[in-house]
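Participant: what follows is a predicted structure for the sequence shown.
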Amino acid sequence: MSLIEQLKFDDNGLIPAITRDADNGEVLMMAYMNAEAVEKTLKTGKVHYFSRSRRKLWMKGETSGHVQTVREIRFDCDEDCLLIDVEQQGAACHTGHRSCFYRRWQDDAALTEGEKAADPMQAYAREDILNAVYHVIQERRRNPSEKSYVASLFGKGLDKILGKIGEEATETAVAGKGGDKDQVVYETADLFFHTLVLLGYYDIPPERIYDELRRRFGMSGIEEKQSRTK
């Protein structure tokens with residue numbers, strides 16, 4: 001019997017996988033695998049996961065170089081969870097921390113432990129940079145500081161955030177009218193950023209937007225409008 005046949009995947013064909021440092025036992029992260037991810041991990045010796053948000057297979061470190069080389073794979077008594085010991089290159093967490101479990105709850109507050117092992121933006125492919133920025137925004141929201149611009153926006157409330165989006169949208173339109181491509185890029189980045197702040201306010205991950213755009217892809221504008229829930 002193969003490992004895949006031994007394991008019990010859930011109704012979505014997934015199984016949770018806990019990854020830890022093979023040398024010191026530190027828990028690095030938890031993600032999900034499907035059968036293909038398990039097969040790829042066994043075949044290549046590099047840990048692969050299945051992204052529930054992007055709905056695709058991915059190898060840890062495929063863009064950042066922060067790969068996880070397999071030392072040992074274990075599974076629990078119920079055969080529905082994996083424990084993988086790895087050699088971790090660089091950071092395991094998208095925030096740049098060595099471990100995703102870098103925060104400790106103490107005295108009704110989250111305490112951050114340890115220095116970042118890498119630039120968090122390097123943990124994402126170019127097309128995933130919005131996810132990286134969104135996670136940083138949520139981090140600033142959960143752990144505000146006086147020096148954080150994002151924390152100040154959340155502190156001033158929804159109207160302030162909406163006002164900034166309106167302001168940046170106007171500046172983007174003005175830049176477009178002016179015809180300076182670099183300025184269009186700069187102002188559009190500002191608009192995207194403040195829109196991500198709004199998504200963070202409502203705890204809406206960028207994946208929700210990706211899913212909506214995916215739904216509309218290949219559909220005419222007229223058909224899309226007719227398909228909306230009234």
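Facilitator: Yes, it's here. Numbering: from 1, shown residues only.
Participant: could you use CA atoms for every contact and neighbour count after this?
Facilitator: Noted.
Participant: can you list the domain ranges for this structure.
Facilitator: Domains of the chain are assigned by the TED database as 3-103, 128-218.
Participant: which one of those is the most hemmed in?
Facilitator: With neighbours taken as mean count of other Cα atoms under 10 Å, those reach their highest mean count in domain 3-103, at a mean of 17.
Participant: ends of that domain, what's the gap?
Facilitator: One end of domain 3-103 sits 33 Å from the other (Cα to Cα, to the nearest Å).
Participant: how far off centre is that domain?
Facilitator: Mean-position distance between domain 3-103 and its chain equals 15 Å (Cα atoms, centre = their mean, to the nearest Å).
Participant: show me what contacts the most centrally placed residue in the chain?
Facilitator: Of all residues in the chain, the one closest to the mean position by Cα atoms, centre = their mean is Asn131, 4.9 Å from it. Listed by Cα atoms under 8 Å, 6 or more residues apart in numbering, the contact set of Asn131 reads Pro205, Pro206.
Participant: and the gap between it and Pro205?
Facilitator: Per Cα to Cα, Asn131 is found 8 Å from Pro205.
Participant: mind listing the strands for the chain?
Facilitator: Counting by DSSP state E, one finds strands in the chain at the ranges 15-21, 27-33, 48-51, 56-59, 68-75, 82-88, 103-106, 109-112.
Participant: and the domains of the chain as CSV, adding mean pLDDT and distance to Ala109?
Facilitator: As requested, the domains of the chain are arranged in CSV below (pLDDT from 0 to 100; distance: least, Cα to Cα, whole Å):
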stretch, mean pLDDT, distance to Ala109
domain 3-103, 94, 10
domain 128-218, 93, 9
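Participant: of all those, which one is nearest Thr112?
Facilitator: Closest of the domains of the chain to Thr112 is domain 3-103, at 4.5 Å (criterion: Cα to Cα).
Participant: okay, the strands of the chain in CSV with distance to Leu7 next?
Facilitator: Shown next, in CSV, are the strands of the chain (distance: least, Cα to Cα, whole Å):
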stretch, distance to Leu7
strand 15-21, 8
strand 27-33, 11
strand 48-51, 15
strand 56-59, 18
strand 68-75, 8
strand 82-88, 9
strand 103-106, 31
strand 109-112, 35
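Participant: just to revisit the earlier point, I'd like the domains of the chain written out as a markdown table, with distance to Thr112 added.
Facilitator: Output for the domains of the chain, formatted as a markdown table (distance: least, Cα to Cα, whole Å):
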| stretch | distance to Thr112 |
| --- | --- |
| domain 3-103 | 5 |
| domain 128-218 | 9 |
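Participant: could you check how far Pro144 is from Ala92?
Facilitator: Per Cα to Cα, Pro144 is found 24 Å from Ala92.
Participant: just Met33 next, same as before
Facilitator: 16 Å.
Participant: for the chain, just list every one of the helices.
Facilitator: 3-6, 35-44, 129-142, 149-156, 158-178, 181-201, 206-216, 221-227 (DSSP state H).
Participant: mind giving me the packing neighbours of the shortest one?
Facilitator: What that stands for is helix 3-6. The contact analysis (3 or more Cα pairs under 8 Å, 6 or more residues apart in numbering; DSSP states H and E) places helix 3-6 against helix 35-44.
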